[in-house]
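Asks: Got a predicted structure here, sequence first:
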Amino acid sequence: MFFLLFVVCWIAAELFVAIEVANVIGVLATVVLLVLSWPLGSWLLRSQGRAAWQRLGAAVSAGRSPGQEVLDGALVVLGGVLLIIPGFISDALGLLALFPPTRALMRRPLARNLQSRLVVRATRYAGDSRSYDVDSTASDIDQPQLHP
């Protein structure tokens, strides 16, 4: 339900911004800007994605943890997809995710959020006191025993 509400609000905001931009610069210029964001997004996705892939390979070959490079790659993909989606708000967020200085600013809170979620899930699993049948000692029971 929350996701549907978010999508509806996002579309409404994109339409509002597009109408306001069209009032300022004209309808034809607005359509041209929206259409030009698709090839720009795919080009930036390819170029920045290639650079992120090379940094990932360099980190792995150097024997260090590639966590930063993986997050950079994810943000590059997100930025490229946001640029391909028509709309000025998504284009602005996509450009922010594609440029290295702003991507670094986005990476810190994302890493913290993912790390805290990972710790919560790991501790929840480790603290689970249910017994598991690790040795495969379970046996089948007869059907009449299931439904009294």
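Replies: In hand now; what should we look at?
Asks: what's the average pLDDT for the helix or strand containing W43?
Replies: Element membership of W43, judged by DSSP states H and E, is helix 27-62. On average, the pLDDT along helix 27-62 is 88.
Asks: now the helix or strand containing F16 and helix 27-62, what's the angle there?
Replies: Assessed by DSSP H and E, F16 sits inside helix 2-25. Here helix 2-25 runs at an angle of 130 degrees relative to helix 27-62 (axes from the mean of the first three to the mean of the last three Cα atoms, to 10 degrees).
Asks: what does helix 2-25 contact?
Replies: 30, 33-34, 86-90 (Cβ atoms under 8 Å, 6 or more residues apart in numbering). To be clear about C-beta, it is placed using only N, CA and C from the backbone, and glycine gets the same treatment.
Asks: Just the buried subset of these, written out for PyMOL, thanks.
Replies: Buried subset of the contacts of helix 2-25, written as a PyMOL selection, criterion 16 or more other Cβ atoms under 10 Å:
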select buried, resi 30+33+34+87+88+90
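Asks: farthest pair in the contacts of helix 2-25?
Replies: T30 and S90 (14.5 Å; Cβ to Cβ).
Asks: ok so, going back, between the contacts of helix 2-25, which is nearest V76?
Replies: Of all these, V76 sits closest to S90, with 15.2 Å by Cβ to Cβ.
Asks: Can you pull the poorly scored residue ranges out of the chain?
Replies: Along the chain, the parts satisfying pLDDT under 70 run over 117-148.
Asks: can you rerun that using 50?
Replies: Within the chain, no range satisfies pLDDT under 50.
Asks: Residue nearest the middle of it, spatially speaking?
Replies: With distances taken as Cα atoms, centre = their mean, the residue of the chain nearest its centroid is L78 (5.3 Å).
Asks: what about it, helix or strand, and which?
Replies: Assigned by DSSP H and E, L78 falls within helix 67-84.
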